[in-house]
Every structure is written in C-alpha cells, then in structure tokens.
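# sharing a model prediction with you, sequence too.
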Amino acid sequence: MTELPRPARVAVIGGTGWIGRHLPAAFAERGHEVLALARNEAAHLPPGAFRRLDLTTAGPGALAELLREERIGIVVNATDGANATDGWDRSDEEMIAANVHAVEGLLKALAELPRSPRLVHLGSMHEYGPVPDGTLMDETLTPAPVNVYTRSRLAGTRAVLDAARSGRVSAVVLRLANVCGPHPSSAAFLGTLLSRLRAAAAGEPGVRLTVARGARRDFVDVRDVARAVVLAAASPVNGRAVNIGSGVATPLQELVDLFLGVSGLPAGAVEQDLRPVAGLGGDWMRVDNRRAARLLGWSPRVPLRTSLADMWHA
C-alpha cells in the first residue's frame, strides 16, 4: 500500500458534516493533519482547523489559491446536495449546483495547481438506482438513477472519473452505502430515528416513525467509512469507483427494533408506520466489498449493534 507523505495536509470539503467530522481522527492515526472546509464552523473543531468555504460559490481560482496557501496534499470531497443544513427540500437547480457544478469547479481548481493534490470523492450507492432483491451490488452494475438527486450524484462521480482517466487529476471515488454511527445527519433516516427515540426517552407520548415496509438496506459505520477514505487517499488506484458497505442487507424494521434495544427503551416506545416509501434507489441494497478489499485492503469492522449503540450514547 502506498503511504501518504508525512506530514500530509488534508483538506476535507464538507468537513463539519457527519462523515467529515470523523476524518481528522482517522487521518491523525497515520500522522496527517486535517483542515475542514465548510460554510459553517462547528464547535468540535480545534482552533486553526477550519476555513470557511462554500463549494457552490467559490470559483476555481479562489479554491486553487486556498489549497496552495494551505499546502494541501490530499482533498476529500465529502459534500452532498442533501445535507444536515439544507435537507431534502431543495430545487433541482440547487441539487445540480451542489452535486455537479461544484464538483466540476473543484476539478478545475485542482488542475490549476502545479502539483495536483490526491482527490477522494465520496459518491453514493444510490447512484446505481433500484436493483432486484438479492443482488450483490458490485462495480460492474450499470448505474440507472431514478431522481434528480441520484442523477446529479452520478454526474459528479462521472466528472471525477473522467478527469482521473484523462490524467488531469489523481482521484478515486468511494460509493457509500447508508451510513450509520455517531452524530448522524438530521437529514438521514437514522438521524430522524435518533430524534424520535430521544423524544420517546424524554417521555413524549405517541411517537411515530414512517418505515419503508419490506425494505432491506446496507448500513456501514461512519468510522469504517473514514478508514476507507484514508486507505483510498494512500492508494495508487486512479480513475476507479469502489463500493463501500457492510455487505449485509438489514430489514429496516429490524434496524428500528435493534436501535430500541440498545437505547433501553421498550419495544412499543416508537410506533412504526409501515408503508411503501419512495426511496433514492430501491428497497434493496447489499454491497459487494471485494474490490475494496482487493484494491484498498479495506473491509468493515464495526458491527451494526455497536454502531447504533455508539450513535445513541454520543
């Protein structure tokens, strides 16, 4: 495995988000320092570890200058058009601006630098779209996204892969399954579930949660994701997409029951409203991790129960 230069300066765009906040500790284990780039500062960041940046409005020239000034050797793009600040209630134009145009601007900025930093771009398994139940989702699947969010995410991924394959940047894309673990985004299903359980724990009566009937999804712990990012940054792999997940398709009803168990709440504390729910991809997701193991030396380590318990206690 190729090692990153020591010490490496790592810029995490979206560094105050759910995944971004776990990356400093993961990179620090390898002796690297992380600078968070985001619109809003976060209380958990130490002094000097933050620079204000909106990737949707920062021009390539200004971004290139910031990366040059901070002596950045690795860039992680952990931004997402649907995030804890903006949520899902965004126009098609806003989604495209965040997931496509901002990525194109980032690629132009990297190409302007005399020595382009290594780029790890975080994509989504939802870019593949719905697949038949039982499918083990590997990287040979032809993406078929079904809405503007997933289509825009796929367009961002393709822009990164095209730039890498043409030699303009050194980059790898990690397509992530559903993330779980401490400090979830409030825009995510698990963030909603956590808030409902906390309401129930506080004595609020009649707490309800809408759960997609029959859906089975792959959930990977955020710290396993952070470890995959560090391995991808150090890897010589270029112009490839790598799927990252637990390799287990967990029924959502089972997930809710498991979360109730680790929280110590009684089984009926939250009423599950089971109904068909339009998802980003489909009702089935199980990730094939063999490419991640072969190219990055990565495999999931954190069990789902541990991930949920840590999320509850964080």
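That came through fine.
# buried sites along the helix or strand harbouring R151?
Using DSSP states H and E, R151 sits in helix 148-165. Neighbour-count burial for helix 148-165 flags 148-161, 163-164 (criterion: 16 or more other Cβ atoms under 10 Å). The C-beta positions use only the backbone N, C-alpha and C, and glycine is treated the same way.
# out of the residues you listed, which comes closest to A98?
S152 (7.7 Å; Cβ to Cβ).
# the residue nearest to the closest one when sequence neighbours are not counted: neighbour count?
Among residues not flanking S152 along the chain, N99 sits closest, at 3.8 Å (Cβ to Cβ, 6 or more residues apart in numbering). N99: 27 surrounding residues under other Cβ atoms under 10 Å.
# looks like N99 contacts A155 (just checking).
Yes - contact criterion Cβ atoms under 8 Å: N99 and A155 qualify, at 6.9 Å.
# all strands of the stretch 201-314 of the chain, in order?
With DSSP state E, counting those that start in this stretch as the criterion, the stretch 201-314 of the chain has strands at 208-212, 216-217, 219-221, 241-244, 250-251, 271-275.
# in the chain, what residue sits furthest out from the centroid?
P205 (33.2 Å; Cα atoms, centre = their mean).
# residues contacting it?
The contact partners of P205, taken as Cβ atoms under 8 Å, 6 or more residues apart in numbering, number zero.
# which pLDDT value belongs to it?
Reported pLDDT at P205 in the predicted model: 86.
# how close does it get to T56?
41 Å (Cβ to Cβ, to the nearest Å).
# what's the pLDDT at the residue nearest to S152?
pLDDT at N99 comes out at 95.
# phi, psi of it?
Dihedral pair for N99: phi -90, psi -20, per degrees, to the nearest 10.
# contact partners for it?
For N99, the contact set (Cβ under 8 Å, 6+ apart) comprises 80-81, 149, 152-153, 155-156.
# please redo it, this time with the cut-off set to 7 Å
81, 152-153, 155-156 (Cβ atoms under 7 Å, 6 or more residues apart in numbering).
# mind giving me the packing neighbours of the host helix or strand of V10?
Assigned by DSSP H and E, V10 falls within strand 9-13. If contacts are counted by 3 or more Cβ pairs under 7 Å, 6 or more residues apart in numbering; DSSP states H and E, strand 9-13 sits against strand 33-38, strand 74-77.
# what's in contact with that strand?
Strand 9-13 is contacted by residues 20, 23, 27, 32-37, 53, 55, 67, 70-79 when judged by Cβ under 7 Å, 6+ apart.
# again, only this time at 6 Å
Contacts of strand 9-13 with the rest of the structure, by Cβ atoms under 6 Å, 6 or more residues apart in numbering, involve 20, 23, 27, 32-37, 55, 71-79.
# may I see the buried residues of it?
Residues of strand 9-13 classed as buried by neighbour count (16+ other Cβ under 10 Å): 9-13.
# so how far is L258 from L252?
L252 sits 10 Å away from L258, taking Cβ to Cβ as the criterion.
# can you pull out the strands in the stretch 51-200 of the chain?
With DSSP E, counting those that start in this stretch, the ranges of strands along the stretch 51-200 of the chain come out as 74-77, 118-124, 170-176, 178-180.
# could those go into TSV alongside mean neighbour count, distance to L274 and mean pLDDT?
Listed next are the strands of the stretch 51-200 of the chain as TSV, based on neighbours: other Cβ atoms under 10 Å; distance: least, Cβ to Cβ, whole Å; pLDDT from 0 to 100:
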stretch	mean neighbour count	distance to L274	mean pLDDT
strand 74-77	26	36	97
strand 118-124	26	25	97
strand 170-176	24	26	98
strand 178-180	25	18	96
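# out of these, flag the one nearest R213.
The closest of these to R213 is strand 178-180. By Cβ to Cβ, the value is 17.1 Å.
# ok, and what's touching the closest one?
For strand 178-180, using Cβ under 6 Å, 6+ apart, the contacting residues are 190, 217, 219, 221-222, 307.
# write the ChimeraX selection for whichever of those residues are buried.
To isolate the buried members of those in ChimeraX, using 16+ other Cβ under 10 Å:
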select :190,217,219,221,222,307
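# quick one: strands adjacent to the least confident helix or strand in the chain by mean pLDDT?
Considering only helices and strands, the least confidently modelled element of the chain by mean pLDDT, DSSP states H and E is strand 271-275, at a mean of 78. Using DSSP bridges, the strands paired with strand 271-275 are strand 208-212 (parallel).
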